[in-house]
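[1] Provide a 3D model corresponding to the input given below.
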Amino acid sequence: GIDEHRVNSPSSCVYVGTVKGDPDTRAALSNCDGNGYTGVVTSSEGESHLIRPLNQRKKRHRRQTVNDEEDYMTPDGLHIIHARNKKSKCALFNTKAMTAPRYIIELDEIYNDTSESHLKSDFQSDSLNHGSRLKRQLQGSYRIETAVFVDDEMYKVIRSQNPGSDIQQTIQDVVFAIMNGVHLLYNAPSLSKDFTITLVRLDIIKSATQGPNKASGDIQRYLSNFCFWQKSLQQETKQFSTNGVWDHALLLSGLNLWDADPSFDSVI
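    Take a look at the predicted model:
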């Protein structure tokens, strides 16, 4: 089946900021999984470095609240930092398949109500308990409401790599870390506008019989199938409520995707 999640703002374990002594270098880090810090650091020259914790013999306790006194790092706290591969490129030859379905609407043209309190964290998510979509004014900013879908292959990979853990919580931690990095990249100083990435829906597809046709890993066909599938799902959602409706849908797959010939052209 498919599990739908509306998750609370991860303000206690997801961070965005600048490096001390170098305000032009920005970082997006997450430690929700209790294993250390995962994220990305970008410089004003466009260089990016990825950070992840070294596999440890001991894990620190999961962070439950901001003031959790039992929270601690491993004794050594070693992390691996490596430069992002500059040769990476889009795996799709048909760039028309990536065309956005509609324009992103500038918020200050729509929302004039400034009474809404601002969330403390830059990266945001809507809570199921809140009921209505959060509306706020951002001067000169764009807000992209995003839905993330995790396919059954990714679910299997994460489950096999984390035996005995809460898989749904682990997947949520992974998604938060990814979206936090995306938020950082969309707020690069080189861009003339600021973007706020808001996670409004998280679906975990646990069965191969659910979700879009994976087309045996053909990346263009799988993407096309996913686009049509999420569009129909969004139309069904709109019939009942405007809550959780998204501007952009993101698919996380555990497949070895390919383009042209799978024997010679594996892209992941």
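
[2] Ile51: what's it in contact with?
    In this structure, Ile51 makes contact with Leu29, Tyr37, Thr38, Gly39, Val40, Val41, His79, Ile80, Ile81, judged by C-beta atoms under 8 Å, 6 or more residues apart in numbering. C-beta here means a position set from N, CA and C on the backbone, and glycine is covered the same way.

[3] how does it look with 7 Å?
    Taking C-beta atoms under 7 Å, 6 or more residues apart in numbering as the contact definition, Ile51 lies against Leu29, Tyr37, Thr38, Gly39, Val41, His79, Ile81.

[4] And the pLDDT for Tyr111?
    At Tyr111, the model reports a pLDDT of 36.

[5] So for the longest helix seen in the chain, mean pLDDT?
    Taking DSSP state H as the assignment, the helix of the chain that covers the most residues is helix 219-240. Taken as a whole, helix 219-240 carries a mean pLDDT of 89.

[6] Just the CA trace of that helix, in PDB.
    Once side chains and other backbone atoms are set aside, the C-alpha atoms of helix 219-240 remain, and they are given as PDB (Å, rounded to 0.1, in the frame of the first residue of the first chain):
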ATOM      1  CA  ILE A 219      14.300   6.800 -16.600                       C
ATOM      2  CA  GLN A 220      12.400   8.700 -19.200                       C
ATOM      3  CA  ARG A 221       9.400   6.300 -19.200                       C
ATOM      4  CA  TYR A 222       9.400   6.100 -15.400                       C
ATOM      5  CA  LEU A 223       9.500   9.900 -15.100                       C
ATOM      6  CA  SER A 224       6.600  10.200 -17.600                       C
ATOM      7  CA  ASN A 225       4.600   7.600 -15.800                       C
ATOM      8  CA  PHE A 226       5.200   9.300 -12.500                       C
ATOM      9  CA  CYS A 227       4.200  12.700 -13.900                       C
ATOM     10  CA  PHE A 228       0.800  11.400 -15.100                       C
ATOM     11  CA  TRP A 229       0.300   9.300 -11.900                       C
ATOM     12  CA  GLN A 230       1.000  12.200  -9.500                       C
ATOM     13  CA  LYS A 231      -1.200  14.500 -11.600                       C
ATOM     14  CA  SER A 232      -4.200  12.200 -11.300                       C
ATOM     15  CA  LEU A 233      -3.500  11.800  -7.600                       C
ATOM     16  CA  GLN A 234      -3.500  15.600  -7.200                       C
ATOM     17  CA  GLN A 235      -6.800  15.900  -9.000                       C
ATOM     18  CA  GLU A 236      -8.300  13.300  -6.600                       C
ATOM     19  CA  THR A 237      -6.900  15.300  -3.700                       C
ATOM     20  CA  LYS A 238      -8.500  18.600  -5.000                       C
ATOM     21  CA  GLN A 239     -11.900  17.000  -5.000                       C
ATOM     22  CA  PHE A 240     -12.000  16.800  -1.200                       C
END
